[in-house]
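Asker: can you look at this prediction? I've put the sequence above it.
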Amino acid sequence: MPTILAYHDVKDVKHWLTSPRRKEVFEPLGCTNIRTFVDPQASNRVGLVMDVPDMGRLEEFMKSKEAADAMEYDGVLPETLVILTQS
């Protein structure tokens, strides 16, 4: 199962960290072991690592309105999103 690293900027780090949305949208896709990170050098850069059983399904989900709504709720600045896949 691949592991991904995603990082991006958010409007409010505290809100992003406490939001239940990650689990609500990623767990139904089978994603597990979701861990969050905060960049100590950049006040609004955050990231997460998670195991993804189906990368195609995740890629399709990330194009959906549900994903856009979840990012908006969490204060994610979508233009800053970078996703790296474990090699």
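Answerer: Perfect, thanks for sending it. Numbers count the residues shown, from 1 in each chain.
Asker: so which bits of stretch 75-87 are buried?
Answerer: Going by neighbour count (16 or more other Cβ atoms under 10 Å), the buried part of stretch 75-87 is Gly75, Val76. Where C-beta positions appear, they are placed from N, C-alpha and C, glycine not excepted.
Asker: can you give me the strands in this structure?
Answerer: 3-9, 32-38, 45-51, 82-85 (DSSP state E).
Asker: need those in JSON lines with mean pLDDT and distance to Phe61, can you?
Answerer: Shown next, in JSON lines, are the strands of the chain (pLDDT from 0 to 100; distance: least, Cβ to Cβ, whole Å):
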{"stretch": "strand 3-9", "mean pLDDT": "98", "distance to Phe61": "12"}
{"stretch": "strand 32-38", "mean pLDDT": "97", "distance to Phe61": "14"}
{"stretch": "strand 45-51", "mean pLDDT": "98", "distance to Phe61": "13"}
{"stretch": "strand 82-85", "mean pLDDT": "96", "distance to Phe61": "12"}
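Asker: so can I have TSV of those showing distance to Met71?
Answerer: Shown next, in TSV, are the strands of the chain (distance: least, Cβ to Cβ, whole Å):
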stretch	distance to Met71
strand 3-9	8
strand 32-38	15
strand 45-51	12
strand 82-85	13
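Asker: between these, which gets nearest to Trp16?
Answerer: Closest approach to Trp16 among these (Cβ to Cβ): strand 45-51, 5.6 Å.
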